[in-house]
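Trainee: Provided below for reference: sequence and predicted model.
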Amino acid sequence: MKNKKALTILFVANGISGFAQGITMLSIPWYFTKNDMSIVFIASYAVITLGSLFWGLYAGALIDGFNRKDVFLGTNFLSGLILLSVASLGYKEGVLPVSLILLVFTTTFYGYYIHYPNLYAFAQEISNPKDYTKVTSYIEIVGQSTSMASAALGGILLDGIDVIETFSFFGMHFSIPITIEKWELHKIFIMDGLAYFVSFALILFIKYTPARRAMEVDEGDLEDRLKLGYDYLKKNMLITVFGVCSYSIFIITLVEIFTLRPLYVYNHLQERADVLGLTELMYACGSLVSGIVIRQVMSKMPVPKSIIIFTLLTAAAFTLATFTQEVYIFYIFSFITGLTNAGARIFRVSYLFSLIPNELSGRINSIFNVINIIARMIFILVFLIPFFSVGSQITYAYLILGLFTLAAAIVLIILYKPILKLTQNAAAEAVSH
């Protein structure tokens, strides 16, 4: 595999920062839910998501307009600086105002919009086409392994543990007190901030040779560069439809994790933060299994068919969550959505890699992100209605998201044959050149 050492360092750096980010993004929604401020958080999340509509477009232009290693260095440094500054104020005052907690959430959330498209574009830039699916699988494995660790630790740190465990050994009984103090948010933030700087230091050591030279260097202004991405998608409508529908799992998963899951656990299941942490752990387990197994199991199946299967399975999982109050069923739901979201992402990214020129990758990802943001905004605004935050009525939100995903699957089924021909045409063009 080309640039194997560079990819290894990239994966490790991504894993370290992802571990701390996972705890931060688990802790903030839970903090608002536990303090009866879920509506405040959902409203804030709506505003933050609206802002990402503009930031997402600009992030894509940055990714295509600058050296991708430098983009990683800049975003890690800036994010680490913001989080450590907020954390230091928390240590000084003993408590953090809501505005600064939301600043950390915004920093991390907006960081995703440049980090992941840049990660995939960088991986595409330094990998050979035959390795695309393998590389995206490795990204998923590393990312979800750290997510599992952060979910397990986060579930413990948010509420703490103070129990006495009793053990038996050859007829003898003995007890061991287990006490782990609850971490305040500023302690979690300082760990996250330090992780960014560790990631920054690792990325400094990345040395690589591009796998292929870009076909075209675009030096126009922001508007012109974005227009090139828009024109490409307008000209290739099947790619656009495939991208939008294949992103449906990601859309509803993001809405569920940040706006619905804490309410589902706290109001509907009536459980504590450890259950929330375990759902995140099961989600990460599903993603990890997807990264390790799915590529081998479904590698001979056409990508559009694989994504249709994942989409239908996701719709079924959300419907199941609607009609149950069993905690173990929700663990199964989390595992399935982790598996389907990661599996769809692995195949979607590798499929789009084979179709979209690398020099347009960041901008086209940004345009897809804008479409995703608009869809998420609609759902978030609907779920801001107080009806959904009362008792078990949050389950109706799960049903709505399930039906949306089902509709996306139906569109993919209808357009299956034309979409399938996209890669066949791309392969024929590659041979001719």
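Mentor: Good, I have the coordinates.

Trainee: Pass me the low-pLDDT residue ranges in the stretch 151-300 of the chain, would you?
Mentor: Under the criterion pLDDT under 70, the flagged ranges of the stretch 151-300 of the chain are 151-152, 154-180, 210-226, 294-295, 299.

Trainee: Do a quick rundown of the strands in it.
Mentor: 161-169, 172-180 (DSSP state E, counting those that start in this stretch).

Trainee: contacting residues around the nearest residue to Leu202 once chain neighbours are set aside?
Mentor: Leaving out its chain neighbours, the residue that sits closest to Leu202 by CB to CB, 6 or more residues apart in numbering is Ala13, at 4.1 Å. Placement of C-beta: from N, CA and C, glycine included. Going by CB atoms under 8 Å, 6 or more residues apart in numbering, Ala13 touches 72, 198-199, 202-203.

Trainee: Ala13 and Val198, how far apart?
Mentor: When distance is defined by CB to CB, to the nearest Å, Ala13 is 8 Å away from Val198.

Trainee: With Val104 instead?
Mentor: To Val198, Val104 is 18 Å away according to CB to CB.

Trainee: And these two? Which one has more around it.
Mentor: Between Val104 and Val198, counting by other CB atoms under 10 Å, Val104 is the more crowded of the two (27 against 16).

Trainee: can you tell me the helix or strand for the more buried one?
Mentor: Using DSSP states H and E, Val104 sits in helix 98-126.

Trainee: now that helix, how far from the chain's geometric center?
Mentor: How far helix 98-126 lies from its chain's middle: 10 Å, per CA atoms, centre = their mean, to the nearest Å.

Trainee: And that helix, what does it pack against?
Mentor: helix 4-34, helix 38-65, helix 68-93, helix 132-159, helix 185-204, helix 327-353, helix 361-383 (3 or more CB pairs under 8 Å, 6 or more residues apart in numbering; DSSP states H and E).

Trainee: Report the buried residues of that helix.
Mentor: 100-126 (16 or more other CB atoms under 10 Å).

Trainee: and Val244, what does it touch?
Mentor: 368, 371, 408.

Trainee: burial of the last one, as a residue count?
Mentor: Think Ala408. 24.

Trainee: how much space between it and Pro117?
Mentor: Noted for Ala408: a distance of 21 Å to Pro117, by CB to CB.

Trainee: again, but for the second one
Mentor: The span separating Ile371 from Pro117 equals 14 Å under the rule CB to CB.

Trainee: Now the common contact residues for the two.
Mentor: Counting by CB under 8 Å, 6+ apart, Ile371 and Pro117 have no common neighbour.

Trainee: which of the contacts of Val244 lies closest to Thr253?
Mentor: Lowest distance from Thr253 to the contacts of Val244 (CB to CB) belongs to Ala408, with 12.7 Å.

Trainee: Let me know the helix or strand that that closest one is in.
Mentor: helix 395-414.

Trainee: so what secondary structure elements neighbour that helix?
Mentor: Secondary structure elements in contact with helix 395-414, counted by 3+ CB pairs under 8 Å, 6+ apart, are helix 237-246, helix 248-255, helix 303-322, helix 361-383.

Trainee: any idea which of the ones you listed is most buried?
Mentor: Neighbour counts (mean count of other CB atoms under 10 Å) averaged over each of the helices and strands packed on helix 395-414 peak at helix 248-255, with a mean of 24.

Trainee: Going by contacts, tell me the helices and strands next to that one.
Mentor: Applying 3+ CB pairs under 8 Å, 6+ apart, we find helix 248-255 packed against helix 303-322, helix 327-353, helix 361-383, helix 395-414.

Trainee: List the residues that contact the closest residue to Leu384 other than its chain neighbours.
Mentor: Once flanking residues are discounted, Leu384 sits nearest to Ile42: 5.5 Å by CB to CB, 6+ apart. Contacts for Ile42 (CB under 8 Å, 6+ apart) come out as 259, 380, 383-384.

Trainee: ditto for Tyr232
Mentor: With CB under 8 Å, 6+ apart, Tyr232 has these contacts: 356, 360, 364.

Trainee: Point out the least confident one among those.
Mentor: Across the contacts of Tyr232, the smallest pLDDT goes to Leu360, namely 73.

Trainee: which residues touch that one?
Mentor: By CB under 8 Å, 6+ apart, the neighbours of Leu360 are 64, 228-229, 232.

Trainee: let's see 6 Å
Mentor: 229, 232 (CB atoms under 6 Å, 6 or more residues apart in numbering).

Trainee: now the helices and strands packed on helix 98-126 as TSV including distance to Thr311?
Mentor: Shown next, in TSV, are the helices and strands packed on helix 98-126 (distance: least, CB to CB, whole Å):
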stretch	distance to Thr311
helix 4-34	25
helix 38-65	22
helix 68-93	30
helix 132-159	18
helix 185-204	33
helix 327-353	7
helix 361-383	14
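
Trainee: Lowest mean pLDDT across these, which one is that?
Mentor: Comparing those by mean pLDDT, the weakest confidence falls on helix 132-159, with a mean of 70.

Trainee: how near is Ala344 to Leu84?
Mentor: On the measure of CB to CB, Ala344 and Leu84 end up 35 Å apart.
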